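**Q** What would the 3D arrangement of this be:
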Amino acid sequence: MTNYIKKKTMKNTKIKLNNTFDINNSKNFIPLPVNINSILIGIMLGDGGMYRSSPTANTRLEMSFGEKYKSFAESLGIIFKDYMSNPVKSIEVKGKNKVYINYRLKTNSLPIFNQYYEMFYKFNFETQKYIKIVPENIINLIDPIVLAYLIMTDGNFDKGRNRVRIYTNSFKKDEVQNLALAINKILGIYTGVLHDRKDQWILTIGAKNLELLRNTVSLHFHNSMLYRLGM
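**A** The predicted structure is shown next:
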């Protein structure tokens, strides 16, 4: 997982939410505008996090970015500005030997985000906590914008092998496989599943598919993040 966005830990709750939520079949699902819906799905597949204090509370989106990613963080702040009371702000984080500057994006807690929380979080009875998952219907959700924001938040370019790696380490193997299958079937971009370490799996898009990948997603990239495609 990339080290510049720090995931938020969800508070414990005791009621299991629906983890087979289907964005296409739910009559009650009122998504965000189409482009913002895809952006949110992409960053939630990556290093985005959602916070909900209880099963009856509303949900907010939170993200934290390192100092080098100020421009990208601010671009997301513009995208989600209608759902925020305050713009992206800088905060000081004290390290062992120095003080770091991070940038925080935090939306208001709103009902519209509850639906996305239910898509991306499942209650784990062993740990008594919610864990983030790849939605089971990811094949119905994937599009070029989703993939672009997934790579911008959780990918990098492996110059030595001329490939893109996506650090899906926090998801289970079958979830990573379903995500790879969705990218392959919907976008026609062959995506491999590679064992990284222990029981962790990442996605790889190799040199043979690199040009197709760039043509598919680069239009949706923030300029400061194009290096993650090797551009």
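**Q** How is the protein partitioned into domains?
**A** 34-132, 138-229 (automatic domain parsing).
**Q** what about this structure, any weak spots by pLDDT?
**A** The model of the chain has pLDDT under 70 over residues 1-30.
**Q** at 90 what do you get?
**A** By pLDDT under 90, the low-scoring segments of the chain are 1-32, 55, 66-67, 91-100, 123-124, 126-129, 197-198.
**Q** Need the domains of the chain in JSON lines (columns: mean neighbour count).
**A** C-betas here are computed from N, CA, C, even on glycine. Shown next, in JSON lines, are those (neighbours: other CB atoms under 10 Å):
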{"stretch": "domain 34-132", "mean neighbour count": "17"}
{"stretch": "domain 138-229", "mean neighbour count": "18"}
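**Q** which residues of the chain fall in strands?
**A** Assigned by DSSP state E, the chain shows strands spanning 49-51, 60-66, 89-94, 99-106, 121-124, 129-132, 155-158, 163-166, 192-197, 200-205.
**Q** in its sheet, what does the second one sit against?
**A** Taking DSSP bridges as the criterion, strand 60-66 pairs within the sheet with strand 49-51 (antiparallel), strand 99-106 (antiparallel).
**Q** could the ones you listed be laid out in CSV, adding distance to L213?
**A** Shown next, in CSV, are the strands paired with strand 60-66 (distance: least, CB to CB, whole Å):
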stretch, distance to L213
strand 49-51, 26
strand 99-106, 26
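**Q** closest to A182 out of those?
**A** Closest approach to A182 among these (CB to CB): strand 49-51, 20.9 Å.
**Q** And for the helix ranked longest in the chain, what's in contact with it?
**A** In the chain, assigned by DSSP state H, the helix with the most residues is helix 173-187. The contact list for helix 173-187, computed with CB atoms under 8 Å, 6 or more residues apart in numbering, reads 45, 133-134, 136, 138-139, 141-144, 147, 168, 171, 189-193, 199, 201-203, 216.
**Q** for stretch 211-225, same thing?
**A** Applying CB under 8 Å, 6+ apart, the set of residues contacting stretch 211-225 is 69, 71-72, 75, 144-145, 147-149, 151-152, 164, 187-189, 205, 226, 228-231.
**Q** before we move on, the earlier item: out of the strands of the chain, which gets nearest to D82?
**A** The nearest among the strands of the chain, by CB to CB, is strand 60-66 at 12.5 Å.
**Q** Next, the angle from the closest one to strand 89-94.
**A** 60 degrees (axes from the mean of the first three to the mean of the last three CA atoms, to 10 degrees).
**Q** Run the chain-centre distance for strand 60-66.
**A** 11 Å (CA atoms, centre = their mean, to the nearest Å).
**Q** And stretch 184-202, by the same measure?
**A** The answer for stretch 184-202 is 15 Å, by CA atoms, centre = their mean.
**Q** just stretch 88-105 next, same as before
**A** Using CA atoms, centre = their mean, the offset of stretch 88-105 from its chain centre is 21 Å.
**Q** How about residues contacting that stretch?
**A** By CB under 8 Å, 6+ apart, stretch 88-105 touches 6, 61-67, 69-70, 73-74, 76-77, 80, 84.
**Q** one more time with 6 Å, if that's ok
**A** M63, S64, F65, E67, K70, A73, E74, L76, G77 (CB atoms under 6 Å, 6 or more residues apart in numbering).
**Q** For that stretch, list the C-alpha coordinates in CSV.
**A** Only the C-alpha atoms of stretch 88-105 are listed here, as CSV (Å, rounded to 0.1, in the frame of the first residue of the first chain):
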residue,chain,number,x,y,z
VAL,A,88,-8.4,20.6,2.3
LYS,A,89,-6.1,21.8,5.0
SER,A,90,-2.5,21.2,6.1
ILE,A,91,-1.7,19.7,9.4
GLU,A,92,1.6,19.1,11.1
VAL,A,93,2.5,15.5,12.0
LYS,A,94,5.4,15.1,14.4
GLY,A,95,7.8,12.3,13.4
LYS,A,96,10.7,11.0,15.4
ASN,A,97,13.2,13.5,14.1
LYS,A,98,11.2,16.0,12.2
VAL,A,99,7.8,17.5,11.6
TYR,A,100,5.9,16.5,8.5
ILE,A,101,3.2,18.4,6.6
ASN,A,102,0.1,16.3,5.7
TYR,A,103,-3.0,17.4,3.8
ARG,A,104,-6.4,16.3,5.0
LEU,A,105,-9.7,16.0,3.1
